[in-house]
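In: Predicted model and sequence below, questions to follow.
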Amino acid sequence: MNGGSLRLRLFLGGALSIIAALALGALGLVLLFEKHVERRIESELGVYLDQIIANLDRDGDGALVVADVLADPRFDQPLSGLYWQVQAGDAALRSRSLWDGDLPLPSDELTDGVVHRHRIIGPAGAELLALERSVRLPVRLGNASVRAAVALDTREIAAATRAFAADLLPYLGVLAAVLIAAAYAQVTFGLSPLATIRKRLAGIREGNATRLGKAFPKEVQPLAAEVDALLEAREQEAERARSRAADLAHGLKTPLQVLAGDVARLRQKGEADIAAEIEQVATAMRRHVERELARARMKSGVSTARANVREVIDRVLAVVMRTPDGARLAWTVECPPQLLARIDADDLAEAIGNLVDNAARHARRAVRVEARAEDRRVKLLISDDGPGIPPERMSEVLARGGRLDESGTGAGLGLAIVQEIADAWAGRLELRPNGPGLQAELALDLVRGP
């Protein structure tokens, strides 16, 4: 997945959302746990407060005391963090845990029997959670009003909360991993139709299909339908363009034939110079017409096009071998019977026909035609034993109308037309020396399958 990947964006967005949600959830759980612990401690402190008030009594000297010792030993341990205090006028009773200190309770008005909750600073500067209650003693104890308080160091609450968070963290990590994996699976499954579209487009490009089809989710189907409509429109437009080019080229052939007849009549009348000028212009026009006819016949871009190379070679050679040039030569053909190339059969026949015709005109004794599959390409090799072409002049014969043998009868378009056919079908045409002769290599995409 790269930086511009939709899958990466969705996955990262989902993963970050999961992590943020779990972090907020963890914070909420810790806060809830802390509140729960505080409520439990307040409940426990309330019990201690009730016990202290219930145990108030007078000793033999009439002094106010707490008759029974509370069960929690922390009340007897200095600075243990758990304290109690009873204030009766100027007299004060304290737990041994307070040592020489006291609980700095706020001077608020207390309703008899109502419990107040405070956060105060106790011994050694520790923050304490304190419960305070004011009660009036019975007549036998002097009918005085006293303020009783119990306090606990809040560090115990913080320690319990930290322990809870530490226990919670591994489970949240496992949950995050599971949820992120589920998010990745969801993104992968949700975007799988796009992968299908990519594969089908590759199939169309390779000639194994013509349309994307309709087997997509309703969110993706409109996109597939638009692509199919675009493909159909492109095919129709290409077909109309070929038809117009063919009509134009055919329309020019008749005037050219008339000009050829005029040239012959001018020569008969002794107007050789005028006839030569007209013939030169007519020849140039004929080259363009033949070129446009060849281009009009090309069906480049048809995604399902495929041609059996051996069948096309046999069909072309059956014609060429009947010509005077072809009949005098020895022909060798090597090609697997089921070799398929991604090209229209007529376009392949046009290309092979021009290459074979060129080889037949210049070969001395033999022409070899070979085709094979190599690196997902079909390589078609046509070799002759003719005079060849100097390497520095190879590019000239591929130019429009390029000819090295000006005495020949051709229009000089054969190899240029083959070059255009190769370009139209994502192929390649190369010329190279072959001993004394010339070898032409036409490479096209290989079609796999039936």
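Out: Thanks, I have it.

In: what residues go with each domain of the protein?
Out: When the chain is parsed with automatic domain parsing, its domains come out as 7-160, 208-297, 307-445.

In: Give the rounded mean pLDDT of the shortest one.
Out: Taken as a whole, domain 208-297 has an average pLDDT of 77.

In: and V369, helix, strand or coil?
Out: strand (DSSP: H, G, I helix; E, B strand; the rest coil).

In: now the one 4 residues further on
Out: Classification of A373 using three-state DSSP returns strand.

In: Would you check that it makes contact with D445?
Out: No. Shown here, A373 and D445 do not form a contact pair, counting by Cβ atoms under 8 Å, at 10.7 Å. Heads up, the C-betas are built off the backbone N, CA and C, glycines and all.

In: Could I get the domains of the chain in JSON lines, plus columns for distance to A176 and mean neighbour count?
Out: Formatted as JSON lines, these follow (distance: least, Cβ to Cβ, whole Å; neighbours: other Cβ atoms under 10 Å):
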{"stretch": "domain 7-160", "distance to A176": "5", "mean neighbour count": "15"}
{"stretch": "domain 208-297", "distance to A176": "29", "mean neighbour count": "14"}
{"stretch": "domain 307-445", "distance to A176": "45", "mean neighbour count": "18"}
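
In: want to throw those into CSV with distance to A181?
Out: Output for these, formatted as CSV (distance: least, Cβ to Cβ, whole Å):
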stretch, distance to A181
domain 7-160, 10
domain 208-297, 23
domain 307-445, 37
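
In: weakest of those by average pLDDT?
Out: Taking the mean pLDDT of the domains of the chain, domain 208-297 comes last: a mean of 77.

In: Against which helices or strands is the helix or strand containing A26 packed?
Out: Using DSSP states H and E, A26 falls within helix 6-54. With contacts defined as 3 or more Cβ pairs under 8 Å, 6 or more residues apart in numbering; DSSP states H and E, helix 6-54 has these neighbours: strand 82-88, strand 115-121, strand 127-136, strand 145-153, helix 155-190.

In: and that helix, how far from the chain's centre?
Out: Remark: helix 6-54 is offset 39 Å from the chain centroid, using Cα atoms, centre = their mean, to the nearest Å.

In: moving C-terminal of it, what's the next helix or strand?
Out: Defined by DSSP H and E, the subsequent element after helix 6-54 is strand 56-58.

In: next SSE after that next one?
Out: Assignment by DSSP H and E places the next element after strand 56-58 at strand 64-66.

In: For the stretch 201-350 of the chain, just list every one of the strands.
Out: Counting by DSSP state E, counting those that start in this stretch, the stretch 201-350 of the chain has strands at residues 307-308, 330-334, 340-341.

In: Contacts only, for the nearest residue to D385 once chain neighbours are set aside.
Out: Spatial nearest neighbour of D385, chain neighbours left out: G437 (4.4 Å); criterion: Cβ to Cβ, 6 or more residues apart in numbering. If you count contacts by Cβ atoms under 8 Å, 6 or more residues apart in numbering, G437 has them with 362-363, 383-388.

In: try 10 Å this time
Out: With contacts defined as Cβ atoms under 10 Å, 6 or more residues apart in numbering, G437 is in contact with 359, 362-364, 366-368, 383-389.

In: State the distance from G251 to A238.
Out: In this view, G251 and A238 are 20 Å apart by Cβ to Cβ, to the nearest Å.

In: typed the wrong thing, it's V115
Out: For V115, the distance to A238 (Cβ to Cβ) stands at 91 Å.

In: for I19, same thing?
Out: 52 Å.

In: residues contacting L212?
Out: Taking Cβ under 10 Å, 6+ apart, we find L212 in contact with 196-197, 199-201, 203-204, 220-221, 223-228, 231.

In: phi, psi of E430?
Out: Main-chain dihedrals, E430, degrees, to the nearest 10: phi -130, psi 140.

In: how about it, what does it touch?
Out: By Cβ under 10 Å, 6+ apart, the neighbours of E430 are 379, 381, 394, 398, 422, 439-443.

In: what residues are up against L22?
Out: Here L22 is in contact with 172-173, 175-176, 179-180 (Cβ under 10 Å, 6+ apart).

In: An error on my part: the question was meant for R368.
Out: 330-334, 359, 381-385, 434, 437, 439.

In: And G25, by the same measure?
Out: 168, 172, 175.

In: What's the PyMOL line that selects buried ones from those?
Out: Selection of buried members from the contacts of G25 for PyMOL, criterion 16 or more other Cβ atoms under 10 Å:
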select buried, resi 172
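
In: ok, the contacts of G25 vs D325, which is closest?
Out: Distance to D325 across the contacts of G25 (Cβ to Cβ) is lowest for L175, with 81.6 Å.

In: check contacts around the closest residue to L98 other than its chain neighbours.
Out: Spatially, and ignoring its direct neighbours in sequence, L98 is nearest to Y83 (5.0 Å; Cβ to Cβ, 6+ apart). Applying Cβ under 10 Å, 6+ apart, we find Y83 in contact with 48, 74-75, 94-99, 101-103, 122-123, 128, 130, 149-153.

In: How about G435: what's its closest non-neighbour residue?
Out: Using Cβ to Cβ, 6+ apart, the closest residue to G435 is D385 (7.0 Å).

In: how near is the one you found to M321?
Out: Separation of D385 from M321 (Cβ to Cβ): 17 Å.

In: swap in I157?
Out: 103 Å.

In: And A149, by the same measure?
Out: For A149, the distance to M321 - Cβ to Cβ - is 120 Å.

In: One more: V369?
Out: Look at V369 and M321: by Cβ to Cβ, they are 11 Å apart.

In: which residues are common contacts for these two?
Out: What both V369 and M321 touch, as defined by Cβ under 10 Å, 6+ apart, is the set 331, 356.

In: Format the contacts of G437 as TSV; extra columns: secondary structure and distance to Q268.
Out: Listed next are the contacts of G437 as TSV, based on DSSP: H, G, I helix; E, B strand; the rest coil; distance: Cβ to Cβ, whole Å:
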residue	secondary structure	distance to Q268
A359	helix	37
H362	helix	34
A363	coil	37
R364	coil	38
A366	strand	43
V367	strand	40
R368	strand	46
S383	strand	45
D384	strand	39
D385	coil	42
G386	coil	37
P387	coil	37
G388	coil	41
I389	coil	39
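
In: Looking at those, spot the one nearest V309.
Out: R368 (15.0 Å).

In: what bridges to the closest one?
Out: T332, S383 (DSSP bridges).

In: residues in contact with A318?
Out: G326.

In: Give me the distance between it and G326.
Out: On the measure of Cβ to Cβ, A318 and G326 end up 10 Å apart.

In: Equivalent analysis for E239, please.
Out: 34 Å.

In: How about I180?
Out: I180 is 71 Å from G326, by Cβ to Cβ.
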